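Chemist: Got a predicted structure here, sequence first:
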Amino acid sequence: MSAGLNLAQLQAVHYTHGPCLVLAGAGSGKTRVITHKIAHLIEHGLEPRRIAAITFTNKAAAEMRERAQGLIGRRAKEVLICTFHALGVRMVREDGQMLGLKPQFSILDTDDVTSILKDAAGGTTDAATARQWQWTISRWKNQGLNAAQALAQAQDEQERSTAVLMARYEERLSAYQSVDFDDLISLPLKLLRDFAEVRAKWQTLLGHVLVDEYQDTNATQYELLKLLVGERGHFTAVGDDDQSIYGWRGATLDNLKKLPQDFPTLKVVKLEQNYRSTSAILRAANNVIEPNPKLFPKTLFSELGEGEPVRVVGADSEEHEAERAVARIQSLRAASNPPPDWRSFAILYRANHQAKPFEKALRKANIPYKVSGGTSFFDRAEIKDLCAWFRLWINSDDDPAFLRAISSPKRGIGHTTLGQLGHFATQHKQSMFEALFNSMLPAAIAKRALEGLHEFGRYINELEYRARHTHGAEAARAFLQDWLQEIDYEKHLYDGEESEKVAAARWTNVLEFCDWMAQRAGGQIDETVGDVITTQSKSLLEVAQTIALLSTISEREKDQDMVTLSTLHASKGLEWPHVILAGVTEGMLPFKLDDDHGNNPDADADIVQRLQEERRLMYVGITRAQRTLAVGWTKKRKKGREMVKAQPSRFIAEMKLDQATVQEDYREKLKALRAEFAAKAASTTPPR
Ligand SMILES: Nc1ncnc2c1ncn2[C@@H]1O[C@H](COP(=O)(O)OP(=O)(O)OP(=O)(O)O)[C@@H](O)[C@H]1O
Ligand SMILES: [Mg+2]
């Protein structure tokens, strides 16, 4: 197992009987340490099912599983490789009854949460307010606060009213037998904290826990990790403080600082060799991150040679920038024989909406591409419709799913009827589905409407029964076809959509989704959602149970030869031979920092923090590149609805590129910028 690891990496892999932290810069082989350590542990006798490896995304989990399989074959399949959230699903499914949750609880998505909050607030609320509530409640949950605790520490009227709302929200969740995403961390934490037998069970089961991208864990995730590994502390965390880019979501570098205090025997391994990028790229990365305060001193070197200089490309507009990016891709392909695959190129940017001009330009040039980190398959309306039905089979108390399923397609049951049913259900402390069969309901609802409701209720029960007894791919496929025909879903799509083309695309999505469900039922897809993967055939009901958490269906896209478009956040941990960083324009990256802060000194401190996080984001972007890197900026940018004159980002100056490699029209500007930011930096020293 020592093949392809340097001495420091080997040290980290071989240290299995205590807590271990690998702290190192980008591309130094941290993720590689995790994969090899899984293999090492198994080869030295630890049963695969007693290993948990926690990654940041489902996609990263799939990739890690693949690599582990490459090292040790089929045994890797039994290792629990998943995200914190998927681990949470598994724990709550197994032990949630301690908290009064049925194993068939539902997982709510953001839309469901918003509508429950609106409902709990008693009606008309605009989307922005609902989002604000959601955000605040999520923050509290991530700090481990319940509604009562949140109320006790509320600072102002707004927080107090949100805390009161949170209490009502929590009541509804428990009535619906549902959890939200934050609960997938906070409930497991509660289970481990409050129930000694649950804690003992998990601590005995897990012989070693490995965590990738440790710098982006938040406080509750860290608590969860601590309780999972217990005092014995058999774990390996790998991370890079310079790549912490989820501060806005509650991730905290304190977790890195706490490790040596909480685990005095912690072994810290540092890796210094970067195996990913050329020296030119690495130097730019090191220069950019240099102004940030250092948690731990680090140096990185590369032996891959100087390589191509980093290019800076200015453009008149976003459209122009996109054209230049496409031209760059084409010329890099033309320059080598054989030309590099499309999949070796990535275009990375700060925000999702920036993808559009690049998509257009790539399409115009007939270049295949995929957008990752954008709207996922499961966010599409038609897929959410189908999932609402599945959720209802699994947990008939799931009211948000009930409301969605009963109106997709519409079945002649109007808002008034549903309103009456909802009211009745609340009065009788029942879910809407349960209320359908309450003998008092006929008094509350008109006869004709009642028939429709009963028919729907019976149909759901029948489907649930059929899904439970449908095993294997063929049967699942037939079931799904019959069902879609019974509810005439295709017609529903065409009726609801003005453009036939859009309707057809939606219908194709539906078919693709059903096909994928069927394959899962046949055990033909390895999946890592909440459960240890199995390759046995499953009942359709079991398949439906795991889909709520999946964020991407298109794992197979990764094998296709396409240019990647991705946000910087979603690019974490990945690498491409050729990278184009787009929109490195002051005001875009760093994102507008000088907004809405009058003379408030707290706001100044906040800006320093945010600037540091933006700088780390830039560092993440640069370090994705293996062989060539181009950095683009635009002379104009959108500000609200207007176009305003724009400057290259200060981060371009901070890369300290060799003048000779910088594009002609930019050279003078770069000099001036460098002087300007150097002067600014001298006058404001960031707090440590
Ligand atoms: N000892 C080694 N010998 C050869 N190649 C290596 C070695 N270690 C790592 N690599 C390669 O270097 C690249 C970067 O490794 P890896 O992705 O594990 O780095 P990382 O530290 O996790 O990066 P990031 O911080 O971006 O997540 C990968 O292509 C990996 O296969
Ligand atoms: Mg990594």
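Modeler: All right, it came through fine. Everything numeric in this text was worked out from a predicted model, so none of it was measured. Ligands and ions are numbered 1, 2, ... in the order given.

Chemist: residues in the stretch 151-300 of the chain within reach of ligand 1, list them.
Modeler: Applying Cβ under 6 Å from any ligand atom, we find that the stretch 151-300 of the chain lies next to ligand 1 at Asp240, Gln243, Tyr275, Arg276. (C-beta placed from N, C-alpha, C; glycine too.)

Chemist: For these, which single residue is the most surrounded?
Modeler: Neighbour counts for those (other Cβ atoms under 10 Å) peak at Asp240, which has 30 neighbours.

Chemist: tally of neighbours for His423?
Modeler: Neighbourhood size, His423 [other Cβ under 10 Å]: 12.

Chemist: same question, Thr299
Modeler: 9.

Chemist: Just confirm it is within a helix.
Modeler: No: in this structure, Thr299 is coil, not part of a helix, as judged by DSSP: H, G, I helix; E, B strand; the rest coil.

Chemist: now it, nearest residue through space, not along the chain?
Modeler: Nearest residue to Thr299, sequence neighbours excluded (Cβ to Cβ, 6 or more residues apart in numbering): Glu272, at 5.8 Å.

Chemist: coming back round to it: reformat the residues of the stretch 151-300 of the chain next to ligand 1 as CSV; add secondary structure and pLDDT.
Modeler: Output for those, formatted as CSV (DSSP: H, G, I helix; E, B strand; the rest coil; pLDDT from 0 to 100):
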residue, secondary structure, pLDDT
Asp240, coil, 93
Gln243, helix, 90
Tyr275, coil, 96
Arg276, coil, 97
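
Chemist: Which residue would be the closest one in the chain to ligand 1?
Modeler: Gly29 (2.8 Å; Cβ to the nearest ligand atom).

Chemist: still on that earlier bit, quick one, what contacts the residue nearest to Thr299?
Modeler: Glu272 makes contact with Ala8, Ala24, Gly25, Ser28, Lys298, Thr299, Leu300, Phe301 under the criterion Cβ atoms under 8 Å, 6 or more residues apart in numbering.

Chemist: One more: Ala154?
Modeler: Residues near Ala154 by Cβ under 8 Å, 6+ apart: Arg160, Thr162, Ala163.

Chemist: can I assume the second one is in contact with Ile137?
Modeler: It stands for Thr162. Yes: the pair Thr162 and Ile137 passes the contact test of Cβ atoms under 8 Å, sitting 6.8 Å apart.

Chemist: Could you name every residue contacting both of these two?
Modeler: Each of Ala150 lies in contact with both Thr162 and Ile137 under the rule Cβ under 8 Å, 6+ apart.

Chemist: where does the chain have low pLDDT?
Modeler: Scanning the chain with the threshold set as pLDDT under 70 gives 1-2, 123, 249, 373-379, 498, 524-537, 546-559, 593-605, 659-688.

Chemist: for ligand 1, what are the nearby residues on it?
Modeler: So far as Cβ under 6 Å from any ligand atom goes, the chain lies against ligand 1 at 4-6, 9, 26-32, 240, 243, 275-276, 573, 575, 623.

Chemist: Ligand 2 next: which of the residues you listed are close?
Modeler: Filtering the residues of the chain next to ligand 1 for neighbours of ligand 2 using Cβ under 5 Å from the ion leaves Lys30, Thr31, Gly573.
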